[in-house]
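[1] Give me coordinates for this.
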Amino acid sequence: MVSQTAARPDWRRPDFRIGVSLALLTSAGLLLGGCATDLSGSAVSSGGYTNTLSSRGYAYRPDIQESHREATVLDTVLVNAIAQIGKPYVWGGESRAGGFDCSGLIQYVLGQAGVQVPRTAAAQAAALPAVPLSHIQKGDLLFFNTLGRPYSHVGIYIGGDQFVSALNPRAGITVQSLRNPYWSSRLDGVRRPMPPELLAMTARDSHVLNR
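    Just a heads-up that it's a prediction; the model follows:
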């Protein structure tokens, strides 16, 4: 017979906290520098982009409070991204009044959600945690190789295999589809926008999980 003292869980143990967080996630389900792009073709394909992602996974397992904060950031990014559709593309642009290039748009939109990122697309990809495409959420960032180098273009996922990005001077800030072979063949990976406090928790929990 096990005594009540022996049966009581130790909330201070890291492995116990991680197990509780994983259980909560399983039961709750999933929560919700300049670049110019030359689009070549508009044919639509039903797939072909799931194998182009980085193999790095999303190790962060937030608790309920952290999940709420993460969802709030993603919702704010989504709303602000959609609000910029139709605005002009400007090389080096980083303001709502003057227009945006692709990474300038990301820096502005994420800033409205309290997420500070570097200015160029490649630096933004390096600053944020990777997410498998199978776990993508509205408000996540999509990175592409459009200039012969990785992470040279970036957009914001809005659902339905679509994303918003500052495309080029002709198209401006517009919606594109991941089903377009141009984009599916150039997809480098997905990143999750996070404010500093959640990034710190990501690093902490990744260290515990990988010990």
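
[2] So Val164 lies in a strand, does it not?
    Yes - counting by DSSP: H, G, I helix; E, B strand; the rest coil, Val164 falls inside a strand.

[3] where are the low-confidence patches of the chain?
    Residue ranges of the chain with pLDDT under 70: 1-63, 65, 202-211.

[4] Now the longest helix seen in the chain: buried residues?
    Of all the elements of type helix in the chain, the one with the most residues (DSSP state H) is helix 64-83. Using 16 or more other Cβ atoms under 10 Å as the test for burial, helix 64-83 gives 66-67, 69-78, 80-81. Quick note: C-beta positions are derived from backbone N, CA and C, even for glycine.

[5] As CSV, the residues you listed with distance to Arg149 would be great.
    Listed next are these as CSV, based on distance: Cβ to Cβ, whole Å:
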residue, distance to Arg149
Glu66, 34
Ser67, 35
Arg69, 33
Glu70, 30
Ala71, 33
Thr72, 33
Val73, 28
Leu74, 28
Asp75, 32
Thr76, 30
Val77, 25
Leu78, 28
Asn80, 27
Ala81, 24
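
[6] Now do the strands for the protein: every range, in order, please.
    94-95, 99-100, 130-131, 141-144, 153-159, 162-168, 172-177, 187-191 (DSSP state E).

[7] looking at these, which is buried most?
    Of all the strands of the chain, strand 141-144 has the most neighbours on average by mean count of other Cβ atoms under 10 Å, namely a mean of 26.
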